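*Asks:* got a predicted model here, sequence first, then my questions.
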Amino acid sequence: MAERRVLFLGLGLLMICAGFLAWQIRAPYGFILELRAAKLGALVCVGAATGAATVLFQTVAGNRLLTPGLVGFDALFVLLQTLLVVALGGVGAAQIPGGLRFLMELVALAVCSAALFGLLLRRDARDITKMILTGVILGVLLRGLAEMVQRMMDPSEFAVVQQAIFASFGNVDNGQLAVSAMVLLASLAAALRMAPALDVAGLGRETARGLGLNHDRVVMMALLLMAAMVSVSTALVGPITFLGLLTASLARRLTNTHRHAVLLPAAALIGALILVAGQFVFERLMGAQSALAVIVEFFGGLLFLALVLQKKARR
């Protein structure tokens, strides 16, 4: 039953993608299709990466209220953009080739996340709570540092930073998209191969070790895969904090299973479906260009509050 629902999600995504490409298309067809295909690829990659990464993070953390954004990815991205403009100026930052800038951001995010996980989990995975708390504190620190630097910037340079730190699907380079797609596919394939081990790891460290699973190794691998997905997504279009919580919650409700062989593709498809359908409605039907990220964050934040209040009510 759950597998059938995942199949329906895939068919629904294909249909909305076809509508996104073909809706009210006019000549020159090739040029318009190329632009729409690049934006569509970015929407699918970001949605799938965010959804699957959140499922992995919630599994190793043992908490369905957490998202990868809590460990400082978004704050680090904002700080990187701010320091880049401060060092080179608004004009200099704008003149950096898109591919080089993308690789710089991707490497910085991946290295910092690997350092965080490696240093805090080098002994065993019992430090997962310490890792999350450290990530939250680092996120607050980096965000505060970025805001302090932004207050000392010229208004024109501040405008450049603001434009860079908000999620945007309008200017996606095909080379960046290709790299992102390859990293995402490799990470998803590795995560699906680990699905049986993730099912056991979700039972808790002591139970998993009692069943013969190398829990610490599985947790580290899952965190590295999550970091790769989130790094690609954030470097490609910018941070979307609550999208992962929204997709992971919907995937669990829709599939009603704990099997990661079903949860991971379901979350990836739902994430892509939310972004593609949302962009289709706002851009094609309503004529809005930048409302999607704001709406996703709004509903994701409401869901987070609802889950917190529901958990308190159960107590």
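*Replies:* Looks like it came in fine.

*Asks:* helices and strands around the helix or strand encompassing residue 30, which ones?
*Replies:* Following DSSP states H and E, one finds residue 30 within helix 29-61. Applying 3 or more Cβ pairs under 8 Å, 6 or more residues apart in numbering; DSSP states H and E, we find helix 29-61 packed against helix 2-22, helix 128-151, helix 174-193, helix 195-201, helix 215-237, helix 243-255, helix 260-279. (C-beta placed from N, C-alpha, C; glycine too.)

*Asks:* skipping its backbone neighbours, what lies nearest residue 175 in space?
*Replies:* Excluding the flanking residues, the one nearest residue 175 by Cβ to Cβ, 6 or more residues apart in numbering is residue 99, at 5.2 Å.

*Asks:* ok so, going back, and the helices and strands packed on helix 29-61, which one is worst for confidence?
*Replies:* Mean pLDDT is lowest for helix 128-151 among the helices and strands packed on helix 29-61, at a mean of 79.

*Asks:* tabulate the CA atom coordinates of it in CSV.
*Replies:* C-alpha atoms of helix 128-151 as CSV (Å, rounded to 0.1, in the frame of the first residue of the first chain):
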residue,chain,number,x,y,z
ILE,A,128,24.3,13.2,18.9
THR,A,129,22.5,15.5,21.3
LYS,A,130,25.7,17.5,21.9
MET,A,131,26.1,17.8,18.1
ILE,A,132,22.6,19.2,17.7
LEU,A,133,23.0,21.7,20.6
THR,A,134,26.4,22.7,19.3
GLY,A,135,24.9,23.3,15.9
VAL,A,136,22.1,25.4,17.3
ILE,A,137,24.6,27.5,19.3
LEU,A,138,26.9,27.9,16.3
GLY,A,139,23.9,28.9,14.1
VAL,A,140,22.9,31.6,16.6
LEU,A,141,26.6,32.8,16.8
LEU,A,142,27.0,32.9,13.0
ARG,A,143,23.7,34.6,12.4
GLY,A,144,24.5,37.2,15.0
LEU,A,145,27.9,37.8,13.5
ALA,A,146,26.4,38.1,10.0
GLU,A,147,23.9,40.7,11.3
MET,A,148,26.6,42.7,13.0
VAL,A,149,28.6,42.8,9.8
GLN,A,150,25.5,43.7,7.8
ARG,A,151,24.8,46.7,10.1
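
*Asks:* thanks again, I'm all set now.
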